[in-house]
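Asker: give me coordinates for this.
(chains A and B)
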Amino acid sequence: MRIKTMRFGEIEIEERQIITFPMGLPGFPKEKTYIPIEYQEKGLLCFLQSLDTPELTFIIADPFYFLGQGYSIDIPENDLDALEITSPEELTVYVILTIRDQGKKISANLAAPLVINTNKRIGRQVILVNSPYNAQFLLNTPAEPQTAASANGGK
Amino acid sequence: MLALTRKIGQSLIIGENIEITIVEIRGDQVKIAIQAPKEVPVHRKEVYEQILEENRQAAVIPETVDLMEILKLSQDKVK
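Answerer: Predicted structure coming up:
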């Protein structure tokens, strides 16, 4: 099927790629269906494109790629049950990235990861309770502005 | 917004299957027990709002974002 997106124009997608968030996301309760558009096919970094709203795209990242095994989280039982997850192999975790200051600040929301049942293609944003993790965990330090953004930013 | 007064041990039922019970009152703190279907997440409001706001800001992506630069960040983060 074809979908309209602001960022990528009109694109062809397969229904089996669609991920459903039955509760939407905090701030976006109405947008419940998305497709991941992978960058470089490694699944480390993706655009998460809304099917409902062409202008809505998130950048999501594999937290273990950026933090190694240092990202250790407890997903509440209720969330696992709601996602019908019974074993660790069934789930994938992504974190939403926020880009500020034209790329000078790139942070990952480690406090509320996206947890996805990979087989059933359903997910939810799980707000961790009593976790040491930051909703704005900086991936780059302010001393190292992203070169691409410095060249292209500040219009 | 509906305001109801309850004593310790008393409850409210919201809809068909959400129940809120006042468990304990100590000084200015109230301990509240919530029973809800597992699909319905329950959060402290200020925590929820922080995530909501972060999502709203994350949804604004500059046109010229370079994912290659972001991918390179992991190599810098070797622990």
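Asker: which non-adjacent residue is nearest the spatially most central residue of chain A?
Answerer: Residue closest to the mean C-alpha point of chain A, counted by C-alpha atoms, centre = their mean, is A:I60 at 3.0 Å. Spatial nearest neighbour of A:I60, excluding adjacent residues (C-beta to C-beta, 6 or more residues apart in numbering or on different chains): A:Y94 at 4.1 Å. C-beta coordinates here come from the backbone N, C-alpha and C atoms, glycine included.
Asker: burial of that neighbour, as a residue count?
Answerer: By the criterion of other C-beta atoms under 10 Å in any protein chain shown, A:Y94 has 26 neighbours.
Asker: need phi/psi at it.
Answerer: When read as degrees, to the nearest 10, the backbone of A:Y94 gives phi -130, psi 160.
Asker: hmm, it is touching A:F47, no?
Answerer: No - when contacts are counted by C-beta atoms under 8 Å, A:Y94 is not listed as touching A:F47 (11.4 Å).
Asker: any residues in contact with both of these two?
Answerer: The contact sets of A:Y94 and A:F47 overlap at A:I60 (C-beta atoms under 8 Å, 6 or more residues apart in numbering or on different chains).
Asker: export only the CA atoms of the helix or strand hosting B:E54, formatted as CSV.
Answerer: Counting by DSSP states H and E, the element that carries B:E54 is helix B:45-58. The C-alpha trace of helix B:45-58 is given here as CSV (Å, rounded to 0.1, in the frame of the first residue of the first chain):
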residue,chain,number,x,y,z
LYS,B,45,0.9,13.0,36.4
GLU,B,46,4.1,15.0,36.4
VAL,B,47,6.0,12.0,35.1
TYR,B,48,3.5,11.5,32.3
GLU,B,49,3.7,15.1,31.4
GLN,B,50,7.4,15.0,31.2
ILE,B,51,7.3,12.2,28.7
LEU,B,52,4.5,13.8,26.8
GLU,B,53,6.5,17.0,26.4
GLU,B,54,9.7,15.1,25.4
ASN,B,55,7.7,13.3,22.7
ARG,B,56,6.4,16.5,21.4
GLN,B,57,9.9,17.9,21.1
ALA,B,58,11.2,14.7,19.6
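Asker: immediately after that helix, which helix or strand?
Answerer: helix B:67-76.
Asker: okay, and the beta partners of residue 20?
Answerer: I went with chain A, as the question did not name one. Taking DSSP bridges as the rule, A:T20 bridges to A:T33, A:I122.
Asker: nope, chain B
Answerer: B:L12, B:I34.
Asker: residues contacting it?
Answerer: So B:I20 contacts B:S11, B:L12, B:I13, B:I14, B:I32, B:A33, B:I34, B:Q35 (C-beta under 8 Å, 6+ apart).
Asker: can you list those residues in a markdown table and add neighbour count and pLDDT?
Answerer: Putting the contacts of B:I20 into a markdown table (neighbours: other C-beta atoms under 10 Å in any protein chain shown; pLDDT from 0 to 100) gives the following:
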| residue | neighbour count | pLDDT |
| --- | --- | --- |
| B:S11 | 12 | 97 |
| B:L12 | 13 | 97 |
| B:I13 | 10 | 97 |
| B:I14 | 12 | 96 |
| B:I32 | 14 | 97 |
| B:A33 | 11 | 97 |
| B:I34 | 11 | 97 |
| B:Q35 | 12 | 96 |
